[in-house]
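Asks: Got a sequence here, can you model it:
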Amino acid sequence: MNKKIPMRQCVGCGTMGSKKEMMRVLKTPEDQIILDKTGRKNGRGAYLCMNLECLQKAIKTKGLDRSFKMSIPKEVYDNLEKAFGEEDGTE
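Replies: Sure, this is the predicted structure:
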């Protein structure tokens, strides 16, 4: 029997992908927004494709703001962009 692969939607481009292909952005119970590399931390998660363009789309369309039902400060987006750059290996 095939195991069902959990699918997630990118808040940037709207593409569906498996959890493993996506990057999880997490809102902790203390209302901090962090990048969850393990995908196992406690809190509300939103998913992005593992490229900077999707993060920039999510910033422009306020995709993360909607997912977390709060407005997200610019410095949080800056930190996410830095973290994404490290993941890509482009920095």
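Asks: neighbours of Tyr77, just the number please.
Replies: 16 (other Cβ atoms under 10 Å). Every C-beta, even on glycine, is put in place using the N, C-alpha and C of the backbone.
Asks: do Arg8 as well
Replies: 21.
Asks: Following element in sequence after whichever strand or helix holds it, please.
Replies: Following DSSP states H and E, one finds Arg8 within strand 7-9. Following strand 7-9 in sequence order, the next helix or strand is strand 16-18 (DSSP H and E).
Asks: what about the longest helix in this structure?
Replies: Criterion DSSP state H: the longest helix present in the chain is helix 74-88.
Asks: helices or strands up against that one?
Replies: Counting by 3 or more Cβ pairs under 8 Å, 6 or more residues apart in numbering; DSSP states H and E, the packing neighbours recorded for helix 74-88 are strand 22-27, strand 33-36, helix 52-61.
Asks: Can you mark which positions in the longest one are buried?
Replies: Right, the one you point to is helix 52-61. Residues of helix 52-61 classed as buried under the neighbour-count rule (16 or more other Cβ atoms under 10 Å) are Leu52, Cys54, Leu55, Lys57, Ala58, Ile59.
Asks: ok, the third one - contacts?
Replies: Taking Cβ atoms under 8 Å, 6 or more residues apart in numbering as the definition of contact, the neighbours of Leu55 are Gly12, Leu48, Tyr77, Leu80, Glu81, Phe84.
Asks: hmm, back to that, just the CA trace of the longest helix of the chain, in CSV.
Replies: Extracted C-alpha coordinates of helix 74-88, given in CSV (Å, rounded to 0.1, in the frame of the first residue of the first chain):
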residue,chain,number,x,y,z
LYS,A,74,10.2,44.1,7.5
GLU,A,75,13.2,42.8,9.6
VAL,A,76,11.5,39.4,9.8
TYR,A,77,11.4,39.3,6.0
ASP,A,78,15.0,40.4,5.9
ASN,A,79,16.0,37.6,8.2
LEU,A,80,14.1,35.1,6.1
GLU,A,81,15.8,36.4,3.0
LYS,A,82,19.2,35.9,4.6
ALA,A,83,18.2,32.4,5.8
PHE,A,84,17.0,31.5,2.3
GLY,A,85,20.2,32.8,0.8
GLU,A,86,22.2,30.4,3.0
GLU,A,87,19.9,27.5,2.1
ASP,A,88,20.4,28.2,-1.6
